[in-house]
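Peer 1: pasting a predicted model and its sequence here:
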Amino acid sequence: MSGMQWRLVALVGILGLSAGWGLGDRIGAAREARNQQERAAGPRPLGVEVPVAPRAQELRLRLQRPVEAPSPTRNPFVFGGRTARPSASLSGGTVAPGNAASDAAATDADAVLVPNPGPVLSLSGIATERSGEAAVLTAMISDGQTLHFVKAGDALPGGYTVVAVSATQVTLRDASGDTTLKLK
């Protein structure tokens, strides 16, 4: 190796050592700051007061206040609910208290008659059964509580009679006329 190469190697070595020394100071200072933070966050001797952040103090005060139960606005477990019927004295009628006949007449006059819609029926499925050469179709109709297996001519609750059963629909008849239930 020539003299020039030795000088270059020495210069690179010196620069490397100085850079390492300078970085070592910075890394050491950062490590010392981290150690101080860990010591501050660790366990403290009893009786030593630690400054509390303002938000933490606010939260502690909030925990000391008594909890107020929320007032319910509605009951989610009751569907609809009953409404109070107006008394006869509010509706303008004069009813003597204790008179059962006039009380019954007042409630009948105030009552609004709503027709009973009957059960809500839905077609769940249709089954085919071979009887000789003819196919007999059986409809599976649900009223929300029971599954009814019916054929043409059978009766259903609510005054319905099965008129016809096809591969995709069922025709029912009641006092108001025909109704068709289709497969979904």
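Peer 2: Perfect, I can see it now. Every value quoted in this text rests on a predicted model; they were computed, and no experiment measured them. Numbers count the residues shown, from 1 in each chain.
Peer 1: going by C-alpha atoms from here, please, whenever you check contacts or count neighbours.
Peer 2: Will do.
Peer 1: what about Leu123, neighbour count?
Peer 2: Per other CA atoms under 10 Å, the neighbour tally for Leu123 reads 20.
Peer 1: cool, and the one 3 residues further on?
Peer 2: Burial of Ile126, expressed as a neighbour count using other CA under 10 Å, amounts to 20.
Peer 1: in terms of helices and strands, where is it?
Peer 2: Ile126 belongs to strand 122-131 when assigned by DSSP states H and E.
Peer 1: next one: Thr161
Peer 2: With DSSP H and E as criterion, Thr161 is part of strand 160-165.
Peer 1: picking that back up, list the contacts of the next helix or strand along the chain from the strand holding Ile126.
Peer 2: As assigned by DSSP H and E, the chain's next helix or strand after strand 122-131 is strand 134-142. For strand 134-142, the surrounding residues in contact (CA atoms under 8 Å, 6 or more residues apart in numbering) are 121-130, 147-151, 165-167, 170.
Peer 1: next secondary structure element downstream of strand 134-142?
Peer 2: strand 147-150.
Peer 1: strand partners of that following strand, parallel vs antiparallel please.
Peer 2: Strand 147-150 sits in its sheet next to strand 134-142 (antiparallel), going by DSSP bridges.
Peer 1: buried set for the very next helix or strand once past the strand holding Thr161?
Peer 2: Downstream of strand 160-165, the first helix or strand assigned by DSSP H and E is strand 169-174. Neighbour counts using 16 or more other CA atoms under 10 Å place Gln169, Val170, Thr171, Leu172, Arg173 of strand 169-174 among the buried residues.
Peer 1: lovely, talk soon.
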